[in-house]
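Engineer: curious how this folds, go ahead:
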Amino acid sequence: MYLHSIGQSHMKDIQNQRDFRNIAINKVGIKGLRYPVTVLDRYKGEQQTIATINMYVDLPHECKGTHMSRFVEMLHLFRPVISLKTFSEILSQMKHHLNAASAHIEVSFPYFIEKVAPITKSPGLMDYNCRLIGSVDSSCKTDLVSEVIVPISSVCPCSKEISDEGAHNQRGMVNLKTRFKKFIWIEDMIKLVEESASCDVYSVLKRSDEKFITERGFSNPKFVEDIVRDIALALKADKNITWFSVEVENFESIHNHNAYAFITGGEKPSI
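Structural biologist: Predicted coordinates for the structure are as follows:
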């Protein structure tokens, strides 16, 4: 190890050389790193999953390059439990070890929740795509955003109104991002979305379950406009939420296009 270190010290560090083009870089770093992480689970304490991680810092105009290997080294040292605390710590260490004014990290991962069918109570695992996004600026102000992508089911109110029998229904996808004062559980964000749909989606359903959710959806028809507004209304009523954006996209079953709606609210920080 000592001989290896001596050899390293005599190697020319190209990245540390001066750059004369006088152009700063907003973000430089690594993308698409797959890494095992631990996330907080409301009911089981912790959950193991595989994340895809992006890490960046800014680069001053006089610097030729950043040290890419240091991003992975820091991640390995943390062996991270993904939480607000570790996010802030990793961002701080990125700034320090890479001599940067700002740092950014994005961690995307599948999150699994056991969900029982409404009538038979048959258990099944639902996976939800989640992402945590963090940034810290030159004044050490930290910004954190939590994101969940939730599959839903919707029944068209117009179709129900004009049809003598039935109504067309489809799966949809809701993308919800939030900023908040205190920690917010992934499970709570998912529940809020599912309760705003015509009906939620399950991984395991028997015939009696299918009958129940078909009839529940039919009795609760919603446009994408209804769903996005109901989610926004619930978020506006939550004093813990300081900012949000919510997108709803329905994969239409009888049209050759998708239906889409978007709302954002609250104060977005300047970072």
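Engineer: so where do the strands sit in the protein?
Structural biologist: Using DSSP state E, the strands of the chain run over residues 25-41, 45-59, 81-82, 103-116, 123-136, 142-155, 169-180, 199-200, 241-250, 259-266.
Engineer: and stretch 179-195, what's buried?
Structural biologist: By 16 or more other CB atoms under 10 Å, the buried positions in stretch 179-195 come out as 179-180, 184, 186-187, 189-190, 192-194. For glycine as for every other residue, the C-beta is placed from the backbone atoms N, C-alpha and C.
Engineer: who touches it?
Structural biologist: 39-40, 42-43, 83-84, 111, 113, 128, 130, 143-146, 148, 150, 152, 174, 176, 178, 200-201, 231, 234-235, 239-244, 266, 268-269 (CB atoms under 8 Å, 6 or more residues apart in numbering).
Engineer: buried only: go through the residues you listed for me.
Structural biologist: Neighbour-count burial (16+ other CB under 10 Å) applied to these gives 39-40, 84, 111, 113, 128, 130, 143-146, 148, 150, 152, 174, 176, 178, 200-201, 231, 234-235, 241, 243-244.
Engineer: residues contacting residue 220?
Structural biologist: By CB under 8 Å, 6+ apart, residue 220 lies in contact with 155, 198-199.
Engineer: need the residues you listed in a markdown table with distance to residue 60, can you?
Structural biologist: Shown next, in a markdown table, are these (distance: CB to CB, whole Å):
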| residue | distance to residue 60 |
| --- | --- |
| 155 | 55 |
| 198 | 52 |
| 199 | 53 |
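Engineer: quick one: which of those residues is most hemmed in?
Structural biologist: Ranked by neighbour count (other CB atoms under 10 Å), the contacts of residue 220 have residue 198 at the top, with 25 neighbours.
Engineer: how about that residue, what does it touch?
Structural biologist: Contacts here follow CB under 8 Å, 6+ apart; on that basis residue 198 touches 152-155, 169, 216-217, 220-222.
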